[in-house]
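Trainee: curious how this folds, go ahead:
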Amino acid sequence: MESEPPAPFPASLEAVWGLRGRPHKGPKRGLSLDGIVAAAIAVADAEGVEAVSMSRVAKEVGASTMALYRYVATKDELLMLMVDGAIGPPVPLSPDAVGWRAGLEHWAMAMRAVLSAHLWAVPLVAAHGPPATPNQLAWLDQCLQVLSGTRLDHGEKIAVSLLVSGQIRSELTIVALLRRDPAGTERRMAGYGAFLRRVTQDGRLPALRAAVTHGAFDDLDAEAGGEAADFDDFAFGLQRALDGVAAYLGE
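Mentor: Residues are numbered from 1 along each chain as shown. A predicted model of the protein is given here:
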């Protein structure tokens with residue numbers, strides 16, 4: 001029995017790759033796929049991705065909703081293109097980023113920075129399956145280039161990219177949740193260390209009790225009180241992940 005041919009890429013995705021012509025004749029002069037995506041990103045940045053709809057974006061670009069469908073067939077397609085537009089092309093590697101480890105540090109911090117500016121995009125990065133848009137694949141390509149001088153095979157290089165990018169998205173998911181309700185977050189964080197001391201004082205949760213006793217949660221109370229914590233959880237986690245790659249490479 002013959003297998004079915006693979007489903008074609010969405011027309012909008014083929015358009016951003018230059019695999020087909022973009023619509024150029026329509027009811028509104030100057031309307032473009034790039035302009036539609038940019039308007040949608042602006043709405044998401046200002047009001048959250050929940051505010052993005054085909055009708056809302058159409059209003060922002062001064063066109064009818066039906067006019068948008070000549071450029072992008074569904075809201076899911078629009079969201080996919082919004083993520084690609086939000087992250088942009090990869091930041092060029094610094095001349096100081098010599099070696100795979102420095103290169104990965106640069107890559108991770110740059111990706112974290114662009115996603116931090118568009119936190120709504122974080123849960124959408126992998127929502128539409130493997131990366132397929134130009135900027136997303138350019139970021140992956142840069143990561144693979146950074147690892148090209150190692151003895152990792154191609155599958156291992158991709159696994160390392162998933163390890164690091166997954167850590168970025170995990171941390172920023174928490175950041176996004178905290179920023180969504182800053183007053184509530186501050187209320188919950190204030191006194192959290194003291195709360196843990198109370199609930200662990202009877203001998204339950206001994207490992208957690210040891211961490212509490214040694215002040216592992218004190219920085220949360222300090223942050224809630226407006227004092228900056230010195231410990232950078234993301235940087236620590238990133239370095240430990242890179243330590244693991246280095247150990248695997250025998251370095």
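Trainee: domain boundaries for the chain, per the record?
Mentor: As assigned by automatic domain parsing, the chain contains the domains 11-87, 100-190+225-248.
Trainee: could you dump the ones you listed to TSV with mean pLDDT?
Mentor: Below are the domains of the chain laid out as TSV (pLDDT from 0 to 100):
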stretch	mean pLDDT
domain 11-87	88
domain 100-190+225-248	89
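Trainee: for residue 93, find the nearest of those.
Mentor: Between residue 93 and the domains of the chain, the tightest spacing by Cβ to Cβ is seen for domain 100-190+225-248, at 5.7 Å. In this view, the C-beta of every residue, glycine as well, is placed from N, C-alpha and C.
Trainee: rewinding a little: between the domains of the chain, which one is closest to residue 197.
Mentor: Nearest to residue 197 among the domains of the chain is domain 100-190+225-248; the distance by Cβ to Cβ comes to 14.1 Å.
Trainee: off-centre distance for the closest one?
Mentor: Domain 100-190+225-248 sits 7 Å away from the centroid of its parent chain (Cα atoms, centre = their mean, to the nearest Å).
Trainee: would you work out how far apart the start and end of that domain are?
Mentor: 13 Å (Cα to Cα, to the nearest Å).
Trainee: hmm, back to that, dump the domains of the chain into CSV; add mean neighbour count and distance to residue 198 as well.
Mentor: Converted to CSV, those look like this (neighbours: other Cβ atoms under 10 Å; distance: least, Cβ to Cβ, whole Å):
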stretch, mean neighbour count, distance to residue 198
domain 11-87, 17, 36
domain 100-190+225-248, 15, 14
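Trainee: by contact count, what packs against the longest helix along the chain?
Mentor: The longest helix of the chain (DSSP state H) is helix 154-180. Under the contact criterion of 3 or more Cβ pairs under 8 Å, 6 or more residues apart in numbering; DSSP states H and E, helix 154-180 touches helix 100-116, helix 134-146, helix 233-248.
Trainee: re the thing from before, can you redo the domains of the chain as CSV with distance to residue 205?
Mentor: Converted to CSV, these look like this (distance: least, Cβ to Cβ, whole Å):
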stretch, distance to residue 205
domain 11-87, 37
domain 100-190+225-248, 19
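Trainee: can you tell which of those is closest to residue 94?
Mentor: domain 100-190+225-248 (5.6 Å).
Trainee: distance to residue 73 for the helices and strands packed on helix 154-180 - can I get that in JSON lines?
Mentor: Below are the helices and strands packed on helix 154-180 laid out as JSON lines (distance: least, Cβ to Cβ, whole Å):
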{"stretch": "helix 100-116", "distance to residue 73": "26"}
{"stretch": "helix 134-146", "distance to residue 73": "18"}
{"stretch": "helix 233-248", "distance to residue 73": "37"}
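Trainee: confirm for me that residue 122 is in contact with residue 170.
Mentor: No: assessed by Cβ atoms under 8 Å, residue 122 is found out of contact with residue 170, at 9.3 Å.
Trainee: run through the residues that contact residue 65.
Mentor: Neighbouring residues of residue 65 by Cβ atoms under 8 Å, 6 or more residues apart in numbering: 54-55, 58.
Trainee: among those, which are in helices?
Mentor: Mapping those onto helices (DSSP H) picks out 54-55, 58.
Trainee: now what about stretch 107-125, what contacts it?
Mentor: By Cβ under 8 Å, 6+ apart, the list of residues contacting stretch 107-125 from outside reads 41, 44-45, 48-49, 79-80, 82-83, 86-88, 90-91, 93, 136, 139, 142-143, 146, 164-165, 167-169, 171-173, 175-176, 179, 234, 238.
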